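I need the structure of the sequence given here:
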Amino acid sequence: MEPRPSDRWSKDRAWAWYRRQPWHCGFNYIPAHAISYTEMWMAYNFDLSRMDRELALAQDVGFNGLRVVLPFVVWEAEPQPFLERLDAFLALAQRRGLRVMFALFDDCAFGPITDPVFGPQPDVVPGWYANGWTPSPGHSLVRDAAAWPRLQCYVQAVIGAFRDDARVWVWDLYNEPTNGVAIGTTSAPLGDVSIPLVEQVFAWARHSAAARSRSCTPATTALAHPHRTPRNLRNLRTRIPPAPSPTPKHCPRNSWSKLAQRPFRCPVDIRTASVYTSPVFRRTAACQPPVT
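Residues are numbered from 1 along each chain as shown. As a prediction, this is how the structure comes out:
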């Protein structure tokens, strides 16, 4: 499903949108009481009062944006309650001065789970980071093109519900495609298998007429080694005009931040709309735009 010429933003329009944006300083958010994004959005775990306490801390530090991943498995099981939770979360974030980047898909698996299930999620295993982490929609569905119409319904339902909602900053359509390696298992990594789905997701999103910017966040290996990035993903990224890359002074590594005792400066790269964050060590400095 190729977009009509009028559906795709011109380079000038993309830059005009970008220059109208305030300086965003954001972070990936998952509540302390959730082991994964699947659990975050389950009815038994969705707790606005606890999340409000955490977002209040982010507001106090000086953050003004955040990103959350949405689980297809929860939407498919209970589509209307899921959309109602998204709306409630957007209202909460807005009260705390935070605009939201929704990520619809994510290949990452930090534990043995490659196909999430609807229902109670695993307990925490002490000493194992994110043992219950879940990708979205799950590696089996990524590989099964016959199941993609279900994913299309999900994309168009979620974007359609919030298409013109100013509380949504960016639609991050796919987080780290090709990065599906299940830790502690013998499962084969996804590799380039994700790329055809990425292209379909962009087509579905354009068909939904989303007025917000759309992005795809490459895996860290793709950012560090562009020559290793699958050709189709490189082509997909070039459809968005590149912004100047942050310099080390403005985008320091964690070790540099700790030595300097200052927070990470969080530039937004229009190529991927990724928000780079690190712990804030002194709230007095907060996140600031780079000095030009």
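
do I have it right that S36 meets S136?
No: using Cβ atoms under 8 Å, S36 makes no contact with S136, being 9.5 Å away. Any C-beta I mention is one placed from the backbone N, CA and C, and that applies to glycine too.

what sits in contact with each of those two?
71, 116 (Cβ atoms under 8 Å, 6 or more residues apart in numbering).

buried set for the helix or strand hosting R206?
Using DSSP states H and E, R206 sits within helix 195-207. The neighbour-count check on helix 195-207 (16 or more other Cβ atoms under 10 Å) flags 195, 197-207 as buried.

avg pLDDT for stretch 207-226?
Averaged across stretch 207-226, the pLDDT comes to 54.

list of residues touching stretch 84-93?
41, 43, 46, 48, 51-52, 55, 66, 68, 70, 99-100, 102, 158, 161-162, 165, 167-168.

pretty sure D106 contacts S136?
Yes: between D106 and S136 a contact is recorded at 5.0 Å, counting by Cβ under 8 Å.

these two: which has the busier surroundings?
Using other Cβ atoms under 10 Å as the criterion, D106 and S136 rank with S136 on top: 27 against 24.

gap between that one and F27?
Note on S136: its distance to F27, by Cβ to Cβ, to the nearest Å, is 19 Å.

tell me the SS of M101?
strand (DSSP: H, G, I helix; E, B strand; the rest coil).

what about the stretch 101-250 of the chain, any weak spots by pLDDT?
Scanning the stretch 101-250 of the chain for pLDDT under 70 picks out 182-188, 209-250.

pretty sure A109 sits in a strand.
No: A109 is assigned coil when assessed by three-state DSSP, not a strand.

thought it was touching S136?
No: A109 is not in contact with S136 according to Cβ under 8 Å; the separation is 10.3 Å.

all strands of the stretch 101-250 of the chain, in order?
168-175, 213-217 (DSSP state E, counting those that start in this stretch).

between the first one and helix 195-207, how many degrees?
Yep, that's strand 168-175 we're talking about. 160 degrees (axes from the mean of the first three to the mean of the last three Cα atoms, to 10 degrees).

neighbours of V125, how many?
With other Cβ under 10 Å as criterion, V125 counts 12.

now swap in C153 and tell me
Neighbours around C153, by other Cβ under 10 Å: 15.

who are the packing partners of the helix holding R206?
Applying 3 or more Cβ pairs under 8 Å, 6 or more residues apart in numbering; DSSP states H and E, we find helix 195-207 packed against strand 99-106, helix 148-161, strand 168-175, strand 213-217, helix 231-237.

how much space separates C108 from R150?
21 Å.

so between the two, which is more surrounded?
Between C108 and R150, counting by other Cβ under 10 Å, C108 is the more crowded of the two (19 against 14).

from R206, how far out is the more buried one?
25 Å.

same check, this time on V170
15 Å.

over to L197?
With Cβ to Cβ as the criterion, L197 and R206 are 15 Å apart.

adding distance to N131, write the helices and strands packed on helix 195-207 out as TSV.
Below are the helices and strands packed on helix 195-207 laid out as TSV (distance: least, Cβ to Cβ, whole Å):
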stretch	distance to N131
strand 99-106	17
helix 148-161	26
strand 168-175	19
strand 213-217	23
helix 231-237	29
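
select, out of these, the one closest to A130.
The closest of these to A130 is strand 99-106. By Cβ to Cβ, the value is 12.1 Å.

other SSEs contacting the closest one?
Short answer (3+ Cβ pairs under 8 Å, 6+ apart): strand 99-106 packs on strand 65-69, helix 79-95, helix 148-161, strand 168-175, helix 195-207.

deepest-packed of those, please.
Highest mean neighbour count among the helices and strands packed on strand 99-106 (mean count of other Cβ atoms under 10 Å): strand 168-175, with a mean of 25.

give the pairing partners of that one; include direction for each.
strand 99-106 (parallel), strand 213-217 (parallel) (DSSP bridges).

in the stretch 1-150 of the chain, which spans are helices?
11-20, 37-40, 48-61, 72-77, 79-95, 139-143, 148-161 (DSSP state H, counting those that start in this stretch).

ok, and what's touching the fourth one?
I take that to be helix 72-77. 38, 41-42, 82-83, 104-105, 116-118, 134, 136-138, 141, 150-151, 154, 157-158.

7 Å instead, please
38, 41-42, 82, 116-118, 136-137, 150-151, 154, 158 (Cβ atoms under 7 Å, 6 or more residues apart in numbering).
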